[in-house]
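Got a sequence here, can you build the structure:
(2 chains)
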Amino acid sequence: QKEVEQDPGPLSVPEGAIVSLNCTYSNSAFQYFMWYRQYSRKGPELLMYTYSSGNKEDGRFTAQVDKSSKYISLFIRDSQPSDSATYLCAMSITSGSSNTGKLIFGQGTTLQVKP
Amino acid sequence: EAQVTQNPRYLITVTGKKLTVTCSQNMNHEYMSWYRQDPGLGLRQIYYSMNVEVTDKGDVPEGYKVSRKEKRNFPLILESPSPNQTSLYFCASSLSWQLAKNIQYFGAGTRLSVL
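As a prediction, the model looks like this:
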């Protein structure tokens, strides 16, 4: 079983739709949770990160973490064609109270937003 | 301009012929890392370095070597490449190893084919 599971999609939605992207994980040592966005033929770029359980909002994006269920989500409101990309969740392992520098990614979900 | 530069961008080689992919950053970042990206598997960390002369294995280090003799450079070495190392490789850097608090900048990628 992979440490981090992410539905690869592809996911196709109409413009304006609410998009929900999800990852589950098995290692309770993960403490930091990130979402990266990767456009075609480009390197990933950090979209959001969170540490604790709960919600974090940034514009049209909301990251949600449920540590008890080992489940994280990224919601995109009012989705735009420019949101079409691959979205990767990532988690970092902690050692004590610090990150160790090791980063585990999900498989990535390809999203297409149609005008 | 702040950037992570990888070279070459594309490389076709044959089994067993040693190769080096260079990575350089101009942001005085402490943390650097190498990833490979394969369809359906997402990004997997190969090696990372928290600072000069400090390197550690990621998830898939077999068949790879790295060195961090100076802060700006973090080359990836394949001593004896094999076809299963055909992949898209990304180098990344961030200010420190506390990844969730520091944006990780990715290079443009190196597409390697081993025949």
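
And for residue 38, the neighbour number?
You didn't say which chain, so I picked chain A. Number of residues near A:Gln38 (other Cβ atoms under 10 Å in any protein chain shown) recorded here: 22. No exception for glycine: its C-beta is placed from N, CA and C like everyone else's.

please go with chain B instead
14.

pretty sure it contacts B:Ser87?
Yes: using Cβ atoms under 8 Å, B:Asp38 is in contact with B:Ser87, at 5.4 Å.

State which strand of the chain is the longest.
Since you didn't name a chain, this refers to chain A. strand A:85-95 (DSSP state E).

Wait, chain B was what I had in mind.
Max-length strand for chain B by DSSP E is strand B:42-51.

Please save the CA atoms from the helix or strand following it in CSV.
Using DSSP states H and E, the helix or strand that directly follows strand B:42-51 along the chain is strand B:54-57. Output in CSV follows, covering the C-alpha atoms of strand B:54-57 (Å, rounded to 0.1, in the frame of the first residue of the first chain):
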residue,chain,number,x,y,z
VAL,B,54,24.6,16.9,4.1
THR,B,55,22.6,14.5,1.8
ASP,B,56,20.1,11.8,2.6
LYS,B,57,18.1,9.2,0.7
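
and strand B:54-57, is it in reach of chain A?
Yes: residues of strand B:54-57 contacting chain A under Cβ under 8 Å from any Cβ of the partner chain: B:Asp56.

centre of the chain versus that strand, how much separation?
Once both centres are worked out by Cα atoms, centre = their mean, to the nearest Å, strand B:54-57 turns out to sit 12 Å from its chain's centre.

which residues are contacting stretch B:38-50?
Outside of stretch B:38-50, the residues within contact range by Cβ atoms under 8 Å, 6 or more residues apart in numbering or on different chains are A:6, A:8, A:44, A:88, A:90, A:101-108, B:30-37, B:55-61, B:64, B:66, B:68, B:74, B:76, B:87-90, B:97.

Which among those count as buried?
The neighbour-count criterion (16 or more other Cβ atoms under 10 Å in any protein chain shown) marks A:6, A:8, A:44, A:88, A:90, A:101-108, B:30-37, B:55-56, B:58-61, B:64, B:66, B:68, B:74, B:76, B:87-90, B:97 among those as buried.

so who does B:Val54 touch?
Listed by Cβ under 8 Å, 6+ apart, the contact set of B:Val54 reads B:Arg68.

hmm, 10 Å instead?
Going by Cβ atoms under 10 Å, 6 or more residues apart in numbering or on different chains, B:Val54 touches A:101, B:30-31, B:48, B:68, B:97.

My read is that A:Tyr51 contacts A:Met91, right?
No: judged on Cβ atoms under 10 Å, A:Tyr51 makes no contact with A:Met91 at a distance of 11.1 Å.

does the residue of chain A found nearest chain B count as helix, strand or coil?
Here chain A gets closest to chain B at one residue, A:Gly43, 2.9 Å apart by Cβ to the nearest Cβ. Assigned with DSSP: H, G, I helix; E, B strand; the rest coil, A:Gly43 falls in the coil class.

The residue nearest the centre of chain B bridge partners, please.
What sits nearest the mean C-alpha location of chain B, by Cα atoms, centre = their mean, is B:Trp34, with 2.7 Å. Under DSSP bridges, the beta-bridge partners of B:Trp34 are B:Tyr47, B:Cys91.
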